[in-house]
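Novice: below is the sequence, then the predicted model.
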Amino acid sequence: MELRLVESGSAWAMAAAFRLLAGEPLPDVGLAEALAPGVEELAELLALAKIPPERAAAHLIPQAACIGSNIELAHVLKRKLGIPQGSAAFQNGLVRALSSIEAAVLRTRPQLAAEMADEALRLRQGWQATGGQHLLDVCARLTDPLMIAPAATVLLGTGLNASQALLPYNAVFFAPLPCDDDHWHAAHLAYLLAQLQLELPVYADRLLRSGPQRVASLALVPVILAALAEVTPPDSAERLESLATGVSEATISLWLTTWGHEADAACYAAPLAAWWAAYAEGGGSWPVALAALDRLIADVAEPAATL
């Protein structure tokens, strides 16, 4: 897979804002305080339009990386979210919120560009040195050759701990932590990249209840664990070695850093482990297995929603 690393301060700013919008803390308290006014206005706009924040984030973060004007970005976001283009109040409020968020990052994180440049260099070197592509090749063998895209975009998100696969854009927002080693970076990035092809009709047309995004985030947990069990070198970090023990609440929670999905670990640990065991032992069709997981996720979620 060919990786295009993108160092975008605007995408980083939007990801930080949505992290706050989801009620998650930021390591930089000063940044969180500076972002608060823009985040509050953005939250009010989305609430009035009845748009879930995670849906807005899935479009706004990748679009911010390629659109320089906040006026144009607001137009694009309205179209993506199905908001009438004549909604002047929403348009003006959105431009103000986006501009406030970007200005807050520029004031409080002047070193961000240098940090992302360092991260890009480390990621390029680490991906090659740790055999990240080999990990993806194993994932394809365990599932389906179509699961690995020929190329993808990686939006760098240093220090945010809010990684996410952005399936409609064939991109991932990758936010490794400074304390993680290169082996862990490669494994986490491979987990995200291996999700992107679930937008293909051969898979997506079967995922009608939970949808490709939710199915992808869970389905690739046991896949990446199984791949790690095959490729992890004997002298690798203890953290990686401990992952190759199977699907559990702990192993799921390590990967699900997407906004609002962290609680899925406890809910899906046992069903996901059973689903993977059935697929691994039966050697059946991967698209059919994904359809079964789609139904399983919906069945587990529906009783929880009624509590």
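Specialist: On my side now, so go ahead.

Novice: got the domain boundaries for the chain?
Specialist: Per the record, the chain has its domains at 10-110, 115-306, by automatic domain parsing.

Novice: Arg4 is nearest to which of these?
Specialist: domain 115-306 (4.8 Å; Cβ to Cβ). All C-beta spots, glycine's among them, are computed from the backbone N, C-alpha and C.

Novice: distance from the closest one to the middle of the chain?
Specialist: Mean C-alpha position of domain 115-306 versus that of the full chain (Cα atoms, centre = their mean, to the nearest Å) differs by 9 Å.

Novice: and for stretch 103-120?
Specialist: On Cα atoms, centre = their mean, the centre of stretch 103-120 falls 21 Å from that of its chain.

Novice: report the buried residues of that stretch.
Specialist: In terms of neighbour count (16 or more other Cβ atoms under 10 Å), stretch 103-120 has its buried residues at Ala104, Val105, Thr108, Arg109, Leu112, Glu115, Met116, Glu119, Ala120.

Novice: just the ones in helices from the residues you listed, please.
Specialist: Ala104, Val105, Thr108, Leu112, Glu115, Met116, Glu119, Ala120 (DSSP state H).

Novice: quick check: Glu34 touching Arg107?
Specialist: One thing to correct before we go on: residue 34 is Ala, not Glu. Yes. With contact defined as Cβ atoms under 8 Å, Ala34 reaches Arg107; the gap is 6.1 Å.

Novice: quick one, phi/psi of the residue nearest the centre of the chain?
Specialist: In the chain, the residue lying closest to the centroid (Cα atoms, centre = their mean) is Gln164, at 0.7 Å. In terms of degrees, to the nearest 10, the main-chain angles of Gln164 are phi -160, psi 140.

Novice: that one contacts Tyr191, correct?
Specialist: No. With contact defined as Cβ under 8 Å, Gln164 and Tyr191 do not form a contacting pair (11.2 Å).

Novice: any idea how far His59 is from Pro110?
Specialist: Distance, Pro110 to His59, by Cβ to Cβ, to the nearest Å: 28 Å.

Novice: can you name every helix or strand that the host helix or strand of Val138 contacts?
Specialist: Here Val138, judged by DSSP states H and E, is contained in helix 132-142. Packing partners of helix 132-142 (3 or more Cβ pairs under 8 Å, 6 or more residues apart in numbering; DSSP states H and E): helix 182-193, helix 212-231.

Novice: which residues are in contact with whichever helix or strand comes after it?
Specialist: Once the chain leaves helix 132-142, the next helix or strand it forms, by DSSP H and E, is strand 151-156. Applying Cβ atoms under 8 Å, 6 or more residues apart in numbering, the contact partners of strand 151-156 are 1-8, 11-12, 61-62, 65, 116, 119-120, 123, 166, 169-175, 189, 193, 196.

Novice: which of those fall in helices?
Specialist: Judged by DSSP H, the subset of the contacts of strand 151-156 located in helices is Ala11, Trp12, Ile61, Pro62, Met116, Glu119, Ala120, Leu123, Leu189, Leu193.

Novice: now the helix holding Val138 - C-alpha only, PDB.
Specialist: Below are the C-alpha coordinates for helix 132-142, written out as PDB (Å, rounded to 0.1, in the frame of the first residue of the first chain):
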ATOM      1  CA  GLY A 132       3.900  -2.600   8.400                       C
ATOM      2  CA  GLN A 133       3.200  -3.600   4.900                       C
ATOM      3  CA  HIS A 134       3.800  -7.300   5.800                       C
ATOM      4  CA  LEU A 135       1.200  -6.900   8.600                       C
ATOM      5  CA  LEU A 136      -1.300  -5.700   6.000                       C
ATOM      6  CA  ASP A 137      -0.500  -8.600   3.700                       C
ATOM      7  CA  VAL A 138      -1.300 -11.000   6.500                       C
ATOM      8  CA  CYS A 139      -4.600  -9.200   7.200                       C
ATOM      9  CA  ALA A 140      -5.500  -9.700   3.500                       C
ATOM     10  CA  ARG A 141      -4.600 -13.400   3.600                       C
ATOM     11  CA  LEU A 142      -6.700 -13.900   6.700                       C
END
